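Novice: here is my input; please provide its structure:
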Amino acid sequence: MMAEQTQTPVERGSRKTARGYVVSDKMAKTIVVEVEDRKMHRLYGKVLRSTSKISVHDEENSAGIGDLVVVAETRPLSASKHWRLVEIVERAK
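Specialist: So this is what the prediction gives:
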């Protein structure tokens, strides 16, 4: 007879997370988050700051401009959205 096989769940790859500030909340269910990346110059050792803006899916429209948020990488939700809102760390004052 055929032996019964148990299926183990497939382990998902690790998802990137990022912290940044909301710079726009004008769209429906979408916010724009500015993420800062710090890199050290290879030769001179100076810390260089570079920023990038990413579109983030915000299901409840809960984040506002100036909020510090944590976002996580996810499957493509639209042509430009590949991130989703995880939590709001600090509200804007």
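Novice: state the distance from the residue most central in space within the chain to residue 37.
Specialist: What sits nearest the mean C-alpha location of the chain, by C-alpha atoms, centre = their mean, is residue 71, with 2.9 Å. Applying C-beta to C-beta, to the nearest Å, the value for residue 71 to residue 37 is 14 Å. (Glycine included, C-beta is placed from N, CA and C.)
Novice: what does residue 63 give?
Specialist: In terms of C-beta to C-beta, residue 63 sits 21 Å off from residue 37.
Novice: try residue 87
Specialist: Residue 87 is 20 Å from residue 37, by C-beta to C-beta.
Novice: for residue 53, list each beta-bridge partner.
Specialist: Applying DSSP bridges to residue 53 gives these bridge partners: residue 34.
Novice: that one - how many residues pack around it?
Specialist: Neighbourhood size, residue 53 [other C-beta atoms under 10 Å]: 12.
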